[in-house]
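would you be able to build a 3D model of this:
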Amino acid sequence: MLWRAACATAALGAAFAAQAQAPALPAPETVALDKLGYMSSFPPEGAQRVDLSNSYKYPQLRWTVQHLRELQPTHNIRSGGAAPSALSADPRPLGGVTFDDDKGQPITVDQWFTRTYTDALVVLHKGRVVYERYDNQMKPHSPHLLFSVTKSFTGLMAAQLAHEGKIDPEALVTKYVPELADSAWGDMKVRDVMDMTGAVRFREVYTDPTTEIFGYSWSSGLLPRPPGYQGPTNVYDFLKTLKKEGEHGAGFVYRTVHSEVLGWIVSRATGKHWAELMSDNIWQKLGTEEDAHVMVDSVGTPLQGAGLNATARDLARFGEMLRLGGSYNGQKIFDKAVIDDTAKGGDREKFKMGGMAFRPGYSYRNQWWVLHNADGAYEAAGIHGQFIHVNPAAEMVVVKLSSHPVAGAGFTHPLTLKAWAALAQAVRR
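Below you'll find the predicted structure:
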C-alpha cells in the first residue's frame, strides 16, 4: 500500500513533501527496462503488461514515463516543418567529475546519474552540448513525462500575457473564469494563482481517498475511477468544487490545482487551447526536433500542471532560450522583462510557510523555483526527478529526466543541489 500511495503521486504532479524516513530502494540495475521486459511480447501478458491499473506503480512507472500516450489521451504539440535549430556539441568528460554528496561521501556525476534513476541528462554550456547521456531505453528522440515541469510553461505563458496587458495579475480570477465564483478562487487574485499564495482546501494524503488529490486524479483520468463514482469527470468541473481554506496571499502553499486554474485563465485570455499556444508561441519558434504532447481529460482539457511530455534535447533548447533572456533561433519567444521578473523570484518569507525546508533560501515566482544563490539559478521541477535547471552566471542549462522510485523531491533534493554546484564549477573550468 505504501508503494502504491507513493507512486500514485506520479499521476498527480504534486507532493514535494520531504520523506519522513528513507525508504528501501531497489538497486537501479534491477528495475532497468531491459531487465523488466515490459510490453515486449506480442501481446504482452502477465507481469509484462502495463495498463491503467498498474501504470503508476513501481517499477511500471519507469515504462509509463516514456510511453504515456500509449495509455492516456493526449493533444499533440507540433514542432512545425522547419529544420531543427542547431545544438552544437563540445563534449567534456563531466561524467567523471567528483563531488561530495549530501552525506559527505565522494560521488561522480555518472554515479549520481545511476543512483537517482536518471533516464536522460543533457548539460549545455554557452549553448553547446557538453554532456549527454541516456539510459533505461531512453533515446534522444524519446518523449518523457515531465510532471510538474509542466507548471513552469503555464506560468511563463501567463507572465508573458500579463506583460502584454492581456492578463491583469491584480484582477480577480473571476474576471476571466466566472465559473469559479463559488469556489476558492472566487475572491482570489490572479497573482496569488501565479505564485501559489492562494488559499484553497486541497489535501494531498495519498493513503486517504477522501482527500481532494484523489478527486483531481479521478476527474482528470489520471487514475481509474472507483466503482460507483459519481463525481466530476473533467478537470474544470472538479475545480469548481474546491473551497477556500485560509487567507489569500498569506503564504506559499504548493497546489497543482492552481496551475490548472492558471491554464484556464491563459486559454480564456487568448481564446486558444494550451497545446496550440505551446506549439505556435514556443515549440515551433524554438526549432525543436520532435513534437511534444500533453495529456488531456475526457473533454480535451490539458493537464496544465502535470501532463507535458517532451524530449531532453528540446527541453535544453527551451532552457537555453531562458538563459539568453527569452530569444532563441532568431525568434523572440518571451520578453526579457518576463524572464527577469521570473528569475528574481518571489517572497522568500512567504515561501517558508510552504513546509519545504529541503529547499533552503528558495522562493516561487510565475510557477518557477528560484534558488537565490550566487549564480542566480532557477528551475522547473517535477516529481520522480524531472528538472530544467538554468544557471545564468555559469552559462549552464541542465535537463534531467528521471524515474526515481520516490516521488517527493525532499528525498533527493539535498543531493541534487550538490550536483548542480559541481556541474556549474566543472563547466567554468
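
and stretch 48-66, which residues are buried?
Neighbour-count burial for stretch 48-66, counted by 16 or more other Cβ atoms under 10 Å, picks out 50, 54-66. Quick note: C-beta positions are derived from backbone N, CA and C, even for glycine.

in strands, which of those fall?
Judged by DSSP state E, the subset of the buried residues of stretch 48-66 located in strands is empty.

pLDDT check: weakest of those?
Within the buried residues of stretch 48-66, Tyr56 has the lowest pLDDT, namely 91.

how about low-confidence regions in the protein?
1-22, 206 (pLDDT under 70).

spatially central residue for it, please.
Note on the chain: the residue nearest the mean C-alpha position is Val149, at 1.7 Å, using Cα atoms, centre = their mean.

and it, what are its phi and psi?
phi -60, psi -30 (degrees, to the nearest 10).

what about the residue nearest to Phe318 when sequence neighbours are not counted, how many neighbours?
The shortest distance from Phe318 to any residue other than its chain neighbours is 6.2 Å, reached at Leu286 (Cβ to Cβ, 6 or more residues apart in numbering). Using other Cβ atoms under 10 Å, Leu286 is surrounded by 22 other residues.

can you name the residues that contact Leu286?
85, 314, 317-318, 321, 328-329, 331, 333 (Cβ atoms under 8 Å, 6 or more residues apart in numbering).

just send the buried residues of stretch 48-66 back as JSON lines, with distance to Leu277 too.
Output for the buried residues of stretch 48-66, formatted as JSON lines (distance: Cβ to Cβ, whole Å):
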{"residue": "Val50", "distance to Leu277": "31"}
{"residue": "Asn54", "distance to Leu277": "33"}
{"residue": "Ser55", "distance to Leu277": "28"}
{"residue": "Tyr56", "distance to Leu277": "28"}
{"residue": "Lys57", "distance to Leu277": "33"}
{"residue": "Tyr58", "distance to Leu277": "33"}
{"residue": "Pro59", "distance to Leu277": "35"}
{"residue": "Gln60", "distance to Leu277": "32"}
{"residue": "Leu61", "distance to Leu277": "29"}
{"residue": "Arg62", "distance to Leu277": "31"}
{"residue": "Trp63", "distance to Leu277": "30"}
{"residue": "Thr64", "distance to Leu277": "26"}
{"residue": "Val65", "distance to Leu277": "24"}
{"residue": "Gln66", "distance to Leu277": "25"}
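
going by distance to Tyr362, which of the residues you listed wins?
Of all the buried residues of stretch 48-66, Tyr362 sits closest to Val65, with 25.0 Å by Cβ to Cβ.

contact partners for that closest one?
Contacts of Val65 by Cβ under 8 Å, 6+ apart are 10, 119, 144-145, 384, 401, 403.

type out the PyMOL command that picks the buried ones from the residues you listed.
The PyMOL command for the buried members of those (criterion: 16+ other Cβ under 10 Å) is given here:
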select buried, resi 10+119+144+145+384+401+403
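
can you tell me which of the contacts of Val65 end up in strands?
If you go by DSSP E, those have 119, 144-145, 401 in strands.

among the residues you listed, which pair sits farthest apart?
Farthest pair in those, by Cβ to Cβ: Asp119 and Leu145, 10.2 Å.

shared neighbours of those two, anything?
Contacts common to Asp119 and Leu145, judged by Cβ under 8 Å, 6+ apart, are 65-66.

now Pro169: how far from Lys350?
Distance from Pro169 to Lys350, counting by Cβ to Cβ, to the nearest Å: 16 Å.

what of Met157?
Remark: distance between Met157 and Lys350 (Cβ to Cβ) = 23 Å.

the two: which is more packed in?
Comparing Met157 with Lys350 by other Cβ under 10 Å, the one with more neighbours is Met157, at 28 against 18.

now do the contacts for the more buried one.
Counted by Cβ under 8 Å, 6+ apart, Met157 has contacts 263, 266, 274, 277, 281.

likewise for Ala32?
So Ala32 contacts 62, 135-136 (Cβ under 8 Å, 6+ apart).

equivalent analysis for Arg255, please.
14, 196, 198, 200, 202.

and these, which two are furthest apart?
Taking Cβ to Cβ as the measure, those span a maximum distance of 14.9 Å, between Ala14 and Gly198.

of the contacts of Met157, which is the nearest to Leu308?
Trp274 (9.4 Å).
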